[in-house]
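Visitor: whatever this is, show me its structure:
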Amino acid sequence: MRNYKVNKTIIKNSSFVGLLLVLSDFHVVSTTSPVLTSLTTRKIPRSTRSKGRRHMVRMAMRGDGIRSLAAALCLIVVATASVASARFIVEKNGILVMSPHSIRGRHEAAIANYGVPDYGGTLTGVVLYPSDAKLANGCTPFGETFKSRSGRPVVLLVDRGGCFFALKTWNAQQAGAAAVLVADSVEEPLLTMDTPEEESPDMAFLANITAPSALISKSFGDALRAAASSSKKDSSSSEEIVVRLDWRESMPHPDARVEYEFWTNSNDECGPRCDEQAAFVSAFRGHAQLLEKAGDALFTPHYITWFCPAQFQGTRQCASQCINKGRYCAPDPEGDLAAGYEGKDVVVENLRQLCVHRVANARNASWVWWDFVADYRVRCSMKERRYSRECAEEVVASLGLPAEMVAECMGDPDADAENEVLRTEQVVQVGHGNRGDVTILPTLVINNVQYRGKLESSAVLKAICAGYKETTAPRVCLTQDMETDECLNNNGGCWRDEKTNITACRDTYRGRVCECPMVSGVQYEGDGYTECKPMGPGRCAVNNGGCWKDTRHGRTFSACAGSESLSGCACPPGFRGDGVTCEDVDECGERLACACPHCSCRNTWGGHHCRCSGDGMVYVEDQDTCVGNSASASSGWLVAALLLSCLVGAGAVGFAFYKYRLRSYMDSEVAAIMSQYMPLESHGGENRPLREEAVEA
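Guide: Below is the predicted model of the structure:
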């Protein structure tokens with residue numbers, strides 16, 4: 001018979017009630033607080049329902065007698081009638097069978113909710129199956145260390161059934177397995193393997209499980225089992241079963257910012273799960289705050305809340321475990337309504353911690369939530385009887401938060417009205433998009449996908465790092481303890497300039513990319529694998545643009561400066577080549593210069609020197625010819641004479657023009673003066689009025 005674990009929470013989604021199922025195999029675990037109802041539901045196998053009913057009856061009989069029993073039975077009847085549709089999303093990774101060829105192919109596996117899945121990475125290993133049929137389910141220690149013939153990591157295949165899934169993984173890990181595959185025993189949709197809800201002292205190994213595990217389908221398990229059995233029969237010639245477990249796409253990575261949620265609880269008396277949450281908050285606080293301050297991550301805390309159905313609001317359970325007249329509830333911390341703290345104390349503190357985050361976020365310091373929660377668990381522990389409003393307010397004050405704003409956000413817990421903060425929590429508890437309903441504490445949601453695996457600081461950081469778009473992960477994700485720098489091995493197969501060590505290999509969290517770099521403001525362009533060339537202005541300042549350059553005898557020549565465009569290389573005059581390499585041209589030997597009859601040529605680096613062999617001869621470079629000194633002198637005197645003649649002629653013309661202008665000016669002035677005293681016949685009667693005026697005067 002297949003058995004299941006039923007989670008502690010009894011849940012409700014809009015108009016129906018159901019029991020929460022999380023698969024841990026083999027045992028049914030107790031439920032508590034049968035009157036409280038949550039906002040999500042889960043479908044339950046028939047074999048589980050009867051056991052859940054019997055246990056709820058037992059719990060009810062411990063409480064308020066007939067009334068509690070009636071309430072529990074009422075809920076059982078409703079749950080039986082409405083096995084319904086709330087969503088539990090099974091998170092998956094891929095498995096690629098690489099050999100033997102007969103079973104090659106891709107398959108899916110359901111990631112277990114324990115161990116450390118390698119989010120963003122892969123694991124290539126060899127599948128082995130226990131040779132002893134009694135050990136095939138992995139429920140007892142194997143007594144040996146598994147090793148593959150090729151030395152690759154071992155992926156141990158075990159059968160389902162007989163014990164908790166987590167125990168199978170622990171025994172396999174102790175026997176040297178790097179990962180564990182559990183083959184289902186029937187054909188059914190994949191389910192999520194979980195740890196036992198109630199941990200006994202002999203389950204201390206749960207905290208030490210690090211090997212990733214996954215549940216695979218029965219048909220895939222049968223194929224692997226058959227191939228492994230065949231390999232054992234003829235180990236000398238048969239191929240190993242090589243598989244690659246792939247978690248690279250298990251976590252969405254759409255952009256440069258990761259958004260994640262942590263569903264938690266302020267109660268610190270819930271056993272190992274509460275201890276796990278406290279340890280995680282304390283250890284992860286530094287990483288979380290750095291990511292938030294840099295804007296690389298957006299974090300939101302959440303708290304699951306229940307409510308009390310109207311017909312049960314007069315019961316002792318609802319009065320003890322709820323606020324706002326039964327609207328928001330939490331189970332009793334000790335499971336005893338007559339002792340210790342009450343569930344409503346937990347609800348109020350959950351509300352306070354939500355408001356601390358809201359107030360801190362409004363002050364652009366959302367990361368203060370991590371300080372408050374970590375400090376509160378230390379200073380205000382239930383075990384020390386310090387879990388109180390007064391202690392919480394002391395922590396608020398110590399962190400510099402305005403207590404009045406926190407109190408205003410919390411509202412009145414005794415009011416018969418909705419609380420906006422807690423009502424929001426009930427709404428977002430229901431799954432949306434790719435995210436399933438949140439029904440288990442603690443739950444971590446990254447990029448709207450529920451994290452599977454151990455709630456441990458480094459494991460969670462790896463999962464968050466897997467949520468960044470390629471090449472955008474922050475520096476904390478690229479440290480040696482987080483991932484392997486694949487550019488260190490053969491430069492990742494990318495282009496590299498050996499001279500300057502400029503490389504196109506860029507290490508990322510998932511691997512590497514070959515991408516031409518930008519160096520000192522100069523962008524290189526190319527395919528990143530075989531070629532990268534600098535482009536644009538300033539390119540010659542970086543490794544001379546990748547072009548040839550040399551200095552000899554105090555002279556420097558460059559093929560970058562000689563290029564006419566903003567890209568490429570061109571050898572300067574006096575050199576030939578492709579611009580990456582240039583060699584001197586022997587103009588003399590190739591008769592490219594000094595070819596005249598009386599010329600002699602001497603080659604130089606980057607040029608040449610010509611001279612005339614005869615006495616009194618001068619080399620004229622523009623015409624590549626030699627001329628005599630006398631002819632040259634005669635030509636010089638002739639040019640000088642012509643120049644002098646031109647100057648003299650220009651002076652004579654200027655003088656003549658000057659005299660003409662001066663004489664014209666003097667004549668006009670004399671004529672003007674004479675016209676004042678005597679008529680001028682040449683002007684007719686124009687001056688008569690002047691003359692008459694003179695006579696009258």
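
Visitor: ranges for the helices of the stretch 301-450 of the chain?
Guide: Listed in chain order, the helices of the stretch 301-450 of the chain (DSSP state H, counting those that start in this stretch) span 316-321, 343-362, 368-379, 389-398, 403-410, 420-429.

Visitor: and the average pLDDT for the second one is what?
Guide: Per-region confidence: helix 343-362 scores 97 on mean pLDDT.

Visitor: could you do the fourth one as well?
Guide: For helix 389-398, the mean per-residue pLDDT is 95.

Visitor: which other residues reach that helix?
Guide: The set of residues external to helix 389-398 that reach it, using Cβ atoms under 8 Å, 6 or more residues apart in numbering, is V348, E349, R352, V356, F372, D375, Y376, R379, C380, A403, V406. Bear in mind the C-beta positions are built from the backbone N, C-alpha and C, glycine included.

Visitor: try it again at 6 Å.
Guide: The contact list for helix 389-398, computed with Cβ atoms under 6 Å, 6 or more residues apart in numbering, reads R352, F372, D375, Y376, R379, C380, A403, V406.

Visitor: can you lay out the residues you listed as CSV showing neighbour count?
Guide: Output for the contacts of helix 389-398, formatted as CSV (neighbours: other Cβ atoms under 10 Å):
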residue, neighbour count
R352, 22
F372, 21
D375, 17
Y376, 24
R379, 14
C380, 21
A403, 13
V406, 22
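
Visitor: tell me the one among those residues nearest to G649.
Guide: Of all those, F372 has the smallest distance to G649: 102.0 Å, by Cβ to Cβ.

Visitor: OK, contacts around that closest one?
Guide: Contacts of F372 (Cβ under 6 Å, 6+ apart): V356, V395, L399.

Visitor: is it correct that L156 falls within a helix?
Guide: No. Going by DSSP: H, G, I helix; E, B strand; the rest coil, the assignment for L156 is strand, not a helix.

Visitor: test for you: state the pLDDT assigned to it.
Guide: 97.

Visitor: quickly note the distance from it to F655.
Guide: Per Cβ to Cβ, to the nearest Å, L156 is found 117 Å from F655.

Visitor: between these two, point out the one with more neighbours.
Guide: L156 (28 against 10; other Cβ atoms under 10 Å).

Visitor: show me what that one is bridged to.
Guide: Beta-bridge pairing of L156 under DSSP bridges involves L128, V180.

Visitor: still on that earlier bit, quick check, nearest of the contacts of F372 to G589?
Guide: Using Cβ to Cβ, the contacts of F372 come closest to G589 at L399, 84.5 Å.

Visitor: to what extent is the closest one buried, counted in neighbours?
Guide: As a measure of burial, L399 has 15 neighbours, counting by other Cβ under 10 Å.

Visitor: also A112?
Guide: 28.

Visitor: one more: N448?
Guide: 17.

Visitor: look up how far G433 lies from it.
Guide: 5 Å.

Visitor: same deal with V180?
Guide: Distance from V180 to G433, by Cβ to Cβ: 30 Å.

Visitor: cool, D375 as well?
Guide: D375 is 34 Å from G433, by Cβ to Cβ.

Visitor: how about L291?
Guide: 22 Å.

Visitor: and what of G125?
Guide: For G125 relative to G433 (Cβ to Cβ), the value is 33 Å.

Visitor: can you check R149 too?
Guide: Taking Cβ to Cβ, one finds R149 at 45 Å from G433.

Visitor: between those two, which one's more packed in?
Guide: R149 (11 against 8).

Visitor: what sits closest to the more buried one if chain neighbours are left out?
Guide: The shortest distance from R149 to any non-neighbouring residue, by Cβ to Cβ, 6 or more residues apart in numbering, is to E240 (6.2 Å).

Visitor: confirm that that neighbour sits in a helix.
Guide: No. Going by three-state DSSP, the assignment for E240 is coil, not a helix.

Visitor: that one - how many residues pack around it?
Guide: 20.

Visitor: how about the residue most central in space within the chain, phi and psi?
Guide: Centroid check for the chain by Cα atoms, centre = their mean gives Y468 as the closest residue, at 1.8 Å. Per-residue torsions, Y468: phi -90, psi 140 (degrees, to the nearest 10).

Visitor: bridged to it, which residues?
Guide: The partner residues for Y468, given DSSP bridges, come to D255.

Visitor: around the nearest residue to A595 once chain neighbours are set aside, count how many other residues there are.
Guide: Nearest non-adjacent residue to A595, counting by Cβ to Cβ, 6+ apart: D624, 6.1 Å away. Look at D624: counted by other Cβ under 10 Å, it has 13 neighbours.

Visitor: surely D624 touches P597?
Guide: No. Counting by Cβ atoms under 6 Å, P597 is not a contact partner of D624; they are 10.7 Å apart.

Visitor: am I right that G654 is in a helix?
Guide: Yes. Counting by three-state DSSP, G654 is part of a helix.

Visitor: right, and G340 touches E334 too?
Guide: Yes. Here G340 reaches E334: they are 4.2 Å apart, a contact under Cβ under 6 Å.

Visitor: identify the contacts common to those two.
Guide: If you check G340 and E334 against Cβ under 6 Å, 6+ apart, no residue is contacted by both.

Visitor: re earlier: for the residue nearest to the centre of the chain, give me the pLDDT.
Guide: 96.

Visitor: distance of it from P254?
Guide: 9 Å.

Visitor: and for N491?
Guide: 29 Å.

Visitor: using PDB, write out every CA atom in stretch 449-460.
Guide: Provided in PDB are the C-alpha atoms of stretch 449-460 (Å, rounded to 0.1, in the frame of the first residue of the first chain):
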ATOM      1  CA  VAL A 449       8.900  29.600  -8.900                       C
ATOM      2  CA  GLN A 450       8.900  27.700  -5.600                       C
ATOM      3  CA  TYR A 451      12.500  26.800  -4.500                       C
ATOM      4  CA  ARG A 452      13.000  23.100  -3.800                       C
ATOM      5  CA  GLY A 453      15.800  21.900  -1.600                       C
ATOM      6  CA  LYS A 454      17.500  22.600   1.600                       C
ATOM      7  CA  LEU A 455      16.800  26.000   3.200                       C
ATOM      8  CA  GLU A 456      20.500  26.800   3.600                       C
ATOM      9  CA  SER A 457      22.300  30.100   2.900                       C
ATOM     10  CA  SER A 458      24.700  29.000   0.200                       C
ATOM     11  CA  ALA A 459      22.100  26.700  -1.500                       C
ATOM     12  CA  VAL A 460      19.600  29.600  -1.600                       C
END
